[in-house]
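> Pasting a predicted model and its sequence here:
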Amino acid sequence: MKFEFDVIVVGGGHAGCEAAVAAARLGVSTLLITKDMNRVGQMSCNPAIGGIAKGQIVREIDAMGGEMGIIADRTAVQFRMLNRSKGPAVWSPRVQSDRAKYIDAWREVLDSVSGLSLFQDSVVEFEFEDAPEGSSHSLQITGVKTSLGVVFKARQVVLTAGTFLNGLMHFGAVQIEGGRISEDAAKGLTEQLVSVGFRADRMKTGTPARIDGRTIRFELAEEQQGDVGDFHKFSFLPGVRRTLRNRSCWIVHTNPEVHKILNDNLADSPLYNGQIRSIGPRYCPSIETKIVTFADKDSHQLFLEPEGETTEEYYINGFSSSLPWQVQMEALRHVPALENVQFYRPGYAIEYDFFDPTQLTHDLQTRLVGGLYFAGQVNGTTGYEEAAAQGLMAGINAARRSRGDEGIVLGREQAYIGVLIDDLVTKGVDEPYRMFTSRAEYRILLRQDDADMRLTPLGYEIGLATRERYDAMKSKRAQRDALIAFCESYLVKGTEEMNSFLVENGTTPLSASVRLVELVKRPQLSITALACSLSRLAKEIGRIEEERREEIVESAEILIKYGGYILRERELAEKQSRLEYVRIPESMDFEGLTALSIEARQKLARRRPATIGQASRIPGISPADINVLLLLLNR
């Protein structure tokens, strides 16, 4: 039995699994401690991966060499590319997943990674020692102690406890301690961390009832099929495919009778009777919150989502609730398609502890304790994808620090993951943080289609992305650029046949010859459509490897159509990024800088930004304050 490791990861959810695999693959001895090895990567809420902005994060995780995208593809029962009616900057992939197969796939990965050990237990205590003299930390992590009394030693520990820290579930007036239904809460860790100086608070989230599909009247519901046959996927690796049977989701609607039942029982809702006082998610409200906030609406959409390829269990997306189960059932039975509904289990709310993420540096290490990293919902975020992204970066940085290397920090112009972590560390949270495309200043640079171009070179450089993945990225780029070069050089003549084609497609005919690239830029046309009339273009497309042909053609077309916007945004990003290279000395006495406003001094002293760029994004720091800092740094 081994008791000493380079990195210990506490918690086997989406953050913990990514952290443990990343650390081990970077060549350091790693231990993952989790309460139940049969529930690793458990989807505690909806059985889906991706969505608006979240899908971009999953593609970034994959591009870096993480696992979520591969597992999501292999366990998908439905795929959809959201926002296709808008520009590619906001196209977002999403899959319905087989919950059980997703867990099994993660367990298979964890068991196969060299240098990664697993231990089933709960961590009840951290072990610290005084930090070395000259360190910016007060304490140094040295290990953890479990509920069985086992002590494991490590100088780098990643905490990914999710909703388990003093978790409390609410089923109406019934309260049950736990981090997830049928799983005990984690006790003692919050209290210990608070005792050494950490700031903690409470958040709440909720989940809907799970119902028996055999009791749904599907003829009264609207079918929502996926994008059957669509070439898009999460993983950039060739050979990764969706193989499970496609299943539909179904749409139903609440009605005034449903709302009346809910309204009549609001006094029994923990959200409205004072039983729950913690911060809840604004962007994923409970059904109680919906009928109160949108009192003028007499109907809300509900999505019935299958939990797997063969199961009859369905998730009611849009009906999160902490009302007594009897009220939930009575209300749902007034939805015509659910008049005979049978519960597998009712919905519930859960309260849990989190830590103010401004207590972290950008590598997700705590400012107070050297070697201690936080990732996932303990940082005040919500969502599997946000958690996995933090876990990936925390695992990478813990492994690198254990070898004496510098941590990796992604910029806001480089990845949604960079936006996520920067928002958390510089701004903090006043509600569960969820990623949206609107949070990113450079959305056109952070498209889902080119996450591999942005991040695979870095993943390969640090040793996480494989040679296979790196070569696939280079091959894709070469084939894409060759197609763009062809479009820029090939001359299209205004023949009668070509002009007839252009008119049929709703665009103006040619009066003179033009470069093909000018036709591709027209919104009515696409490379694929033009290839039907241009044999030379069709031949050029035929040279692209068949398995990734559609992906590469789409990537080339996006760069052609949106090249001007991309160039302009890249110039803006480069101008702003100059501030990221102006470092602020760790020893700077912000409180003594009387040229700054009092508010700026206090916030800078508390957050201690590492660069001028980070300082500029702290709420309350004005452009005048930034100019003062630049002058003081002789910049």
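Thanks, I have the structure now.
> contacts, neighbours, all on C-alpha from now
Will do.
> For the stretch 101-250 of the chain, just list every one of the helices.
For the stretch 101-250 of the chain, applying DSSP state H, counting those that start in this stretch gives helices covering 189-195.
> what do you get for the stretch 451-600 of the chain?
Using DSSP H, counting those that start in this stretch, helices in the stretch 451-600 of the chain cover 451-462, 467-489, 496-504, 516-520, 527-531, 535-542, 549-561, 563-577, 598-607.
> Looking at these, which is nearest to T358?
helix 598-607 (6.2 Å; CA to CA).
> Next SSE downstream of that closest one?
Remark: after helix 598-607, the chain's next helix or strand is helix 612-616, criterion DSSP states H and E.
> What helices and strands are in contact with that following helix?
For helix 612-616, the packing partners by 3 or more CA pairs under 8 Å, 6 or more residues apart in numbering; DSSP states H and E come out as helix 416-427, helix 623-632.
> Looking at these, which one is packed in the most?
Among these, ranked by average contacts under mean count of other CA atoms under 10 Å, first place goes to helix 416-427 (a mean of 24).
> that older thread, for the helices and strands packed on helix 612-616, give me a markdown table that also has mean pLDDT and distance to G459.
Listed next are the helices and strands packed on helix 612-616 as a markdown table, based on pLDDT from 0 to 100; distance: least, CA to CA, whole Å:
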| stretch | mean pLDDT | distance to G459 |
| --- | --- | --- |
| helix 416-427 | 96 | 14 |
| helix 623-632 | 88 | 33 |
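> Dump these to TSV, plus distance to E133.
Output for the helices and strands packed on helix 612-616, formatted as TSV (distance: least, CA to CA, whole Å):
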stretch	distance to E133
helix 416-427	26
helix 623-632	28
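> which sections of the stretch 1-150 of the chain are below the confidence cut-off?
Applying pLDDT under 70 to the stretch 1-150 of the chain flags no residue at all.
> what does the model give the residue lying closest to I552 once chain neighbours are set aside for pLDDT?
Spatial nearest neighbour of I552, excluding adjacent residues (CA to CA, 6 or more residues apart in numbering): R480 at 5.6 Å. Reported pLDDT at R480 in the predicted model: 98.
> residues near R480, how many?
The tally of other residues near R480 (other CA atoms under 10 Å) stands at 22.
> returning to that earlier point: need the helices of the stretch 451-600 of the chain in a markdown table (columns: distance to Q365).
Output for the helices of the stretch 451-600 of the chain, formatted as a markdown table (distance: least, CA to CA, whole Å):
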| stretch | distance to Q365 |
| --- | --- |
| helix 451-462 | 19 |
| helix 467-489 | 28 |
| helix 496-504 | 57 |
| helix 516-520 | 47 |
| helix 527-531 | 47 |
| helix 535-542 | 47 |
| helix 549-561 | 36 |
| helix 563-577 | 23 |
| helix 598-607 | 13 |
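> For N397, find the nearest of these.
Closest among the helices of the stretch 451-600 of the chain, once you apply CA to CA, is helix 451-462, at 10.5 Å.
> Check which helices and strands that closest one is in contact with.
Secondary-structure packing of helix 451-462 (3+ CA pairs under 8 Å, 6+ apart): helix 54-64, helix 467-489.
> and the longest one, what other elements does it pack with?
On a contact count with 3+ CA pairs under 8 Å, 6+ apart, helix 467-489 meets helix 451-462, strand 514-515, helix 516-520, helix 535-542, helix 549-561.
> Now do the residue in the chain sticking out farthest from the centre against I49, distance only.
In the chain, the residue that sits farthest from the middle, by CA atoms, centre = their mean, is E496; the gap is 50.5 Å. Per CA to CA, to the nearest Å, E496 is found 49 Å from I49.
> now swap in V95 and tell me
Counting by CA to CA, the gap from V95 to I49 is 5 Å.
> how about stretch 363-376 as CSV, C-alpha atoms only?
The C-alpha trace of stretch 363-376 is given here as CSV (Å, rounded to 0.1, in the frame of the first residue of the first chain):
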residue,chain,number,x,y,z
ASP,A,363,-3.6,28.7,-11.3
LEU,A,364,-6.5,27.8,-8.9
GLN,A,365,-4.1,27.5,-5.9
THR,A,366,-5.3,29.1,-2.7
ARG,A,367,-3.5,32.2,-1.6
LEU,A,368,-3.5,31.1,2.0
VAL,A,369,-2.2,27.5,1.8
GLY,A,370,0.6,26.5,-0.6
GLY,A,371,-0.2,23.4,-2.7
LEU,A,372,-3.9,23.5,-2.0
TYR,A,373,-6.1,23.9,-5.1
PHE,A,374,-9.9,24.3,-5.4
ALA,A,375,-11.9,23.3,-8.5
GLY,A,376,-15.6,23.0,-9.4
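> Can you say which of the helices of the stretch 451-600 of the chain is nearest to F231?
Closest to F231 of these is helix 549-561 (CA to CA; 7.0 Å).
> okay, the angle between the closest one and helix 563-577?
Angle, helix 549-561 to helix 563-577, by axes from the mean of the first three to the mean of the last three CA atoms, to 10 degrees: 80 degrees.
> how far away is F198 from K427?
17 Å.
> on that earlier part again, reformat the helices and strands packed on helix 467-489 as CSV; add distance to G206, mean neighbour count and mean pLDDT.
As requested, the helices and strands packed on helix 467-489 are exported to CSV (distance: least, CA to CA, whole Å; neighbours: other CA atoms under 10 Å; pLDDT from 0 to 100):
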stretch, distance to G206, mean neighbour count, mean pLDDT
helix 451-462, 32, 20, 98
strand 514-515, 55, 16, 96
helix 516-520, 47, 19, 97
helix 535-542, 49, 15, 96
helix 549-561, 37, 19, 97
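> tell me the contacts of F436?
When the contact criterion is CA atoms under 8 Å, 6 or more residues apart in numbering, the partners of F436 are 52-54.
> whoops, I mixed them up, L629
So L629 contacts I612 (CA under 8 Å, 6+ apart).
> 6 Å instead?
If a contact means CA atoms under 6 Å, 6 or more residues apart in numbering, then L629 has no contacts.
> So what does the closest residue to R214 other than its chain neighbours look like in phi/psi?
Nearest residue to R214 in three dimensions, chain neighbours excluded: E312, at 6.6 Å (CA to CA, 6+ apart). Dihedral angles of E312 (phi, psi; degrees, to the nearest 10) stand at phi -100, psi 0.
> What about M1, how many residues nearby?
3.
> One more: the one 10 residues further on?
G11 has 29 neighbours, counted by other CA under 10 Å.
> Quickly note the distance from it to A186.
10 Å.
> same thing with S622?
According to CA to CA, S622 and A186 sit 41 Å apart.
> Same drill for these two, tell me which one is more crowded.
A186 (23 against 16).
> What is the neighbour count of the closest residue to the more buried one other than its chain neighbours?
The shortest distance from A186 to any residue other than its chain neighbours is 4.8 Å, reached at L165 (CA to CA, 6+ apart). By other CA under 10 Å, the residues close to L165 number 25.
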